[in-house]
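*Asks:* Build the 3D model from these lines:
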Amino acid sequence: MNFFNMKKKILSLLIALFIALPLFAQPRGRIAIPDLKGYVTLKCDFHIHTVFSDGRVWPTVRVDEAYHEGLDAIAITDHIEYRPHKNDVVGSHNRSYEIAQARNRGIIVIRGAEITRPMPPGHFNAIFLTDVDELDKRNYMDVFRAAEAQDAFIFWNHPGYEPQQPDVTLWWPEHTQLLEQGLMHGIEVVNGSVYSVEAHRWALEKNLTMLGNSDIHGPMRAFAPGEHRTMTLVFARSATPEAIHEALTERRTAVYFQEYIIGKEIYLKELFENAVEITVTKTGNTVRIRFRNRSDLTFHLRKAEHDPRLTYLRSFTLTPYTIRPQNTQTITVRLNEGIEGGDVNFIVENLLVEPNTGMKYTVGI
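*Replies:* Okay, the predicted model is just below:
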């Protein structure tokens, strides 16, 4: 290497270090989301890119971002078939994971890859791989079988990706083949800022694990207080890669997207009850329901069908009643016509248990 090339390389390294140091110096982030009985709630992003495919940051930056935002686990999923920087960033398909894992900072880093094919079948992620290079094959079924041989967890990315499905989001015969052969285990219900109603419905109908991921390519933007990246909440037996793999296989997940949480009712109901302490006090014909939210989650309640002798949320019939993070709020219920109690029924609008359908919840008084 001549003097000028060496000088150029040193300058590039110094610039990268200058960019990375402020992020490295930031404190560990925290997002208060309750655990479920027997499980810890892990905040995960299983779809991110680096300069080793078409991303625009070094793998260590992905670790620092996750550390600062309070995530527990990330999967490095660079494209296998699409590496526009390969002449400048040289290495095997495993290299981005290796660099991120060496940095880790207590973040669980998972080896993965994005299988990048036309529709059908489209783009898929395989995570918990042992050797990404083994997936660099021409025939896509050979790629999926190679991932299966490594006991990978495989999921369909952004099913409604407009360049591949411009008019309508379809489930193709090729997807049925992958599902029936045990080569598809999950589906992205949310990719970045896009919620797919079709993917949510297919996850329920076809018993697929629900995932939500950032699919970040550039630097992660700075979030205002209360904001966050799209992520998958994994209800795992412990904070280990093995426990995450087991939880994904058993479909114990929810998707955290903006103020929405999307998942099975059995998990969302317990999450709500563990986040919000509800206290009921009665004085004469007046009942006060006190909601103490001990989490960083927001909940939007709307009055549901109920006994007309119970009067509550009279001024919130058109807009939801919001229980804000780390806050205590009270709803007053009037008992009319001699009634002594009953069921106060709500819909928690931002806990989606079916496509665009909030979770029903009742407080007995």
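*Asks:* what about the helices in the chain?
*Replies:* 3-25, 59-69, 95-103, 140-149, 173-180, 197-205, 241-249, 265-275 (DSSP state H).
*Asks:* residues contacting the closest residue in space to residue 323 that isn't next to it in sequence?
*Replies:* Among residues not flanking residue 323 along the chain, residue 299 sits closest, at 4.3 Å (CB to CB, 6 or more residues apart in numbering). The way it works is simple: take the backbone N, C-alpha and C, and place the C-beta from them, glycine included. Contact partners of residue 299, counting by CB atoms under 8 Å, 6 or more residues apart in numbering, are 272, 275, 276, 293, 322, 323, 348, 350, 351.
*Asks:* can you count the residues close to the last one?
*Replies:* It stands for residue 351. Residues near residue 351, counting by other CB atoms under 10 Å, number 27.
*Asks:* How about residue 133?
*Replies:* Residue 133 has 13 nearby residues by other CB under 10 Å.
*Asks:* distance of it from residue 297?
*Replies:* Per CB to CB, to the nearest Å, residue 133 is found 41 Å from residue 297.
*Asks:* Would you single out the least confident of the helices of the chain?
*Replies:* Mean pLDDT values for the helices of the chain show the minimum at helix 3-25, a mean of 52.
*Asks:* for the protein, which spans come out with low pLDDT?
*Replies:* 1-25, 315-318 (pLDDT under 70).
*Asks:* so where's the longest strand in it?
*Replies:* Assignment by DSSP state E gives strand 343-354 as the longest strand of the chain.
*Asks:* Phi first, then psi, for residue 250.
*Replies:* With angles defined as degrees, to the nearest 10, residue 250 sits at phi -90, psi 0.
*Asks:* coming back round to it: ranking the contacts of residue 299 by neighbours, who comes first?
*Replies:* Ranked by the number of neighbours (other CB under 10 Å), these place residue 351 first, at 27 neighbours.
*Asks:* Return the distance of that one relative to residue 260.
*Replies:* Residue 351 sits 8 Å away from residue 260, going by CB to CB.
*Asks:* and what of residue 246?
*Replies:* The value you get for residue 246 to residue 260, if CB to CB is used, is 26 Å.
*Asks:* Look at these two and report which has more neighbours.
*Replies:* For residue 246 versus residue 260, the count of surrounding residues by other CB under 10 Å is larger for residue 260: 19 against 16.
*Asks:* Which residue, other than its chain neighbours, is closest to that one?
*Replies:* Closest residue to residue 260 apart from its sequence neighbours, by CB to CB, 6+ apart: residue 350 at 4.8 Å.
*Asks:* Next: residue 35.
*Replies:* Residue 35's closest residue in space is residue 41 (CB to CB, 6+ apart), at 5.1 Å.
*Asks:* partner residues bridging the one you found?
*Replies:* residue 235 (DSSP bridges).
*Asks:* Repeat that for residue 216.
*Replies:* residue 48.
*Asks:* Thought residue 49 was touching it, still the case?
*Replies:* Yes: contact criterion CB atoms under 8 Å: residue 216 and residue 49 qualify, at 6.7 Å.
*Asks:* which residues do these two both contact?
*Replies:* Common contacts of residue 216 and residue 49 (CB under 8 Å, 6+ apart): residue 55.
*Asks:* Which residues are in contact with the closest residue to residue 38 other than its chain neighbours?
*Replies:* With sequence-adjacent residues excluded and distances taken as CB to CB, 6+ apart, residue 38 is closest to residue 237, at 7.1 Å. Residue 237 makes contact with 38, 39, 40, 243, 246, 247, according to CB under 8 Å, 6+ apart.
*Asks:* Would you quantify the distance from residue 237 to residue 62?
*Replies:* 26 Å.
*Asks:* How about residue 84?
*Replies:* Residue 84 is 18 Å from residue 62, by CB to CB.
*Asks:* With residue 193 instead?
*Replies:* 19 Å.
*Asks:* which one of those two has more residues nearby?
*Replies:* residue 62 (29 against 11).
*Asks:* what's the nearest residue to that one if we skip its chain neighbours?
*Replies:* Nearest non-adjacent residue to residue 62, counting by CB to CB, 6+ apart: residue 48, 5.4 Å away.
*Asks:* Check residue 208 too.
*Replies:* By the measure of CB to CB, 6+ apart, the closest residue to residue 208 outside its immediate chain neighbours is residue 187, 4.7 Å from it.
*Asks:* Okay, and the beta partners of that neighbour?
*Replies:* Applying DSSP bridges, one finds that residue 187 bridges with residue 156, residue 210.
*Asks:* which ones are touching it?
*Replies:* Applying CB under 8 Å, 6+ apart, the residues near residue 187 are 155, 156, 159, 199, 202, 203, 208, 209, 210, 211.
*Asks:* residues in contact with the closest residue to residue 57 other than its chain neighbours?
*Replies:* Spatially, and ignoring its direct neighbours in sequence, residue 57 is nearest to residue 219 (5.6 Å; CB to CB, 6+ apart). Neighbouring residues of residue 219 by CB under 8 Å, 6+ apart: 56, 57, 61, 65.
*Asks:* right, and the first one touches residue 218 too?
*Replies:* Yes: with contacts defined as CB under 8 Å, residue 56 counts as touching residue 218 at a distance of 4.8 Å.
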